[in-house]
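*Asks:* Just a sequence and a predicted model for now, questions to come.
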Amino acid sequence: MPKIFITDRDIENQANQGITTITIDENTVITDLAYEKAYKLGVKLIQPGTDKPPAAPERPYLSSILKDSLKKEIEDHINQPETTFENRDILDFDQETDENSLRAAIIEVGRLLYQQGLMMSNDGNISVRMKNGNILITPSGVGKGRISTDDLLLIDINGNIIKSAKNPSLKPTSEQPMHLEVYRKRPDIFAIIHTHLIYANALAISHGKVRMDIIPEAAIAFGEIPITEFSMPSSPQNAEAIRNLIEHHDVLLIRNHGSLTIGKNLNEALINLERLEHVSKTLTFAELLGDPNKIPQDMLDAIAELVKKDPKKTQ
């Protein structure tokens, strides 16, 4: 029987589909990069008839000391108990969630955004508001897919630092004024994600809008996606630009800059962000292919009535 090769890309695709366990039998060959990817993404590799992981691939190009160390690190991680829904649940927090869990939620959403290409380099910022009104926020100049809980800062609603990062050189994101403005305007909101989406930003730059007359689900989910006036990045102007719009919208675009999505927790803010970019990507390809079909007017009217009766459907 021919061998089946599993690569790191295969592991990543399986993980994106929610698959957390993969069986590796005698006809399956897993590459060393795939083995490491499974470790990093929390995908458990097992052998048929047992819950033990397969042996790590041989790596002749590594020194024996490094090879043994890496093998032990990976196998120790794989042998840990499964936590299938743990990372997903920590994003869906409530007002009683403790600070350590909120820190972990920010790190997890940063990792997810980085892996999906929704928050690249050291762009973007994330924050959550705690029950006591203080705010955990990401630092400036650090990649959000590569930060730790110790890198986050705790500030009050006026921007005063209550607890610094472990590295004292780290400062709160330069978009802090915008985050604080959201929390002042929206007492119902406890999570904010700001990033520089590719497709949504491209539509805002080129067309000045994200159309709501093409995809019914977008019209129902968003109603509309407002775009701010021009404002200087990393300045109080961004807070001024979103001030009136954020009172009535959980998703908006900052002109020629990026997106702002909010929610009662990071799960909601992330869903808003992912949906915005998915809709924008679909619209971009539809327009490239030419003459996208519009939703019939009677359906648009029905959607408008639906949104009017239940405004939460647009959030």
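*Replies:* That came through fine.
*Asks:* Name the nearest residue to the residue positioned nearest the centre of the chain, ignoring sequence neighbours.
*Replies:* Closest residue to the average C-alpha location of the chain: Leu113 at 3.4 Å, with C-alpha atoms, centre = their mean. Counting by C-beta to C-beta, 6 or more residues apart in numbering, Met119 is the residue found nearest to Leu113 once chain neighbours are left out, at 3.8 Å. (Glycine included, C-beta is placed from N, CA and C.)
*Asks:* What residues does that neighbour make contact with?
*Replies:* Going by C-beta atoms under 8 Å, 6 or more residues apart in numbering, Met119 touches 110, 113, 144-145, 195-196.
*Asks:* List the ones among these that fall in helices.
*Replies:* 110, 113 (DSSP state H).
*Asks:* How much space separates Ser164 from Leu152?
*Replies:* Separation of Ser164 from Leu152 (C-beta to C-beta, to the nearest Å) stands at 10 Å.
*Asks:* More neighbours: which of the two?
*Replies:* Comparing Ser164 with Leu152 by other C-beta atoms under 10 Å, the one with more neighbours is Leu152, at 26 against 16.
*Asks:* on that earlier part again, which one of the contacts of Met119 is nearest to Asp8?
*Replies:* Closest approach to Asp8 among the contacts of Met119 (C-beta to C-beta): Gly145, at 16.3 Å.
*Asks:* Check what pLDDT the closest one gets.
*Replies:* Looking at Gly145, its pLDDT reads 93.
*Asks:* which residues sit in contact with the closest residue in space to it that isn't next to it in sequence?
*Replies:* With C-beta to C-beta, 6+ apart as the criterion, Gly145 has its nearest non-adjacent residue at 2.4 Å, and that residue is Tyr114. Shown in contact with Tyr114 (C-beta under 8 Å, 6+ apart): 120, 143-146.
*Asks:* same question, Ser280
*Replies:* Applying C-beta under 8 Å, 6+ apart, the residues near Ser280 are 197, 199-200, 202-203, 210.
*Asks:* what's the distance between it and Met120?
*Replies:* Using C-beta to C-beta, Ser280 is found at 16 Å from Met120.
*Asks:* now swap in Gly110 and tell me
*Replies:* From Gly110 over to Met120 the distance is 12 Å, taken as C-beta to C-beta.
*Asks:* Tell me which of those two has more neighbours.
*Replies:* Between Gly110 and Met120, counted using other C-beta under 10 Å, the more crowded position is Gly110 (25 against 15).
*Asks:* Now do the end-to-end distance for stretch 89-96.
*Replies:* 14 Å (C-alpha to C-alpha, to the nearest Å).
*Asks:* Would you mark the buried spots in that stretch?
*Replies:* 90-93 (16 or more other C-beta atoms under 10 Å).
*Asks:* the helices in the stretch 51-200 of the chain, which residues?
*Replies:* Applying DSSP state H, counting those that start in this stretch to the stretch 51-200 of the chain gives helices spanning 64-78, 86-91, 99-115, 176-185, 198-206.
*Asks:* least reliable of these going by mean pLDDT?
*Replies:* Sorting the helices of the stretch 51-200 of the chain by mean pLDDT places helix 64-78 lowest, at a mean of 52.
*Asks:* Check what pLDDT Pro59 gets.
*Replies:* In this structure residue 59 is Arg, not Pro. We have a pLDDT of 46 for Arg59.
*Asks:* hmm, back to that, which among the contacts of Met119 gets closest to Gly49?
*Replies:* Gly145 (36.9 Å).
*Asks:* give me the number of residues near the closest one?
*Replies:* Neighbours around Gly145, by other C-beta under 10 Å: 19.
*Asks:* Correct me if wrong: it contacts Ile107.
*Replies:* No: contact between Gly145 and Ile107 fails when scored by C-beta atoms under 8 Å: they sit 9.4 Å apart.
*Asks:* Looking at the contacts of Tyr114, which is nearest Thr261?
*Replies:* Out of these, the member with the shortest distance to Thr261 (by C-beta to C-beta) is Lys144, at 14.3 Å.
*Asks:* For the closest one, give me phi and psi.
*Replies:* Note on Lys144: backbone dihedrals following degrees, to the nearest 10 are phi -70, psi -10.
*Asks:* Against Thr50, how distant is it?
*Replies:* For Lys144, the distance to Thr50 equals 38 Å [C-beta to C-beta].
*Asks:* Ok, Ile214 next?
*Replies:* Taken as C-beta to C-beta, the span from Ile214 to Thr50 is 51 Å.
*Asks:* thinking again about what came up before, just send the contacts of Met119 back as JSON lines, with distance to Asn265 too.
*Replies:* Output for the contacts of Met119, formatted as JSON lines (distance: C-beta to C-beta, whole Å):
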{"residue": "Gly110", "distance to Asn265": "15"}
{"residue": "Leu113", "distance to Asn265": "15"}
{"residue": "Lys144", "distance to Asn265": "17"}
{"residue": "Gly145", "distance to Asn265": "20"}
{"residue": "Thr195", "distance to Asn265": "17"}
{"residue": "His196", "distance to Asn265": "23"}
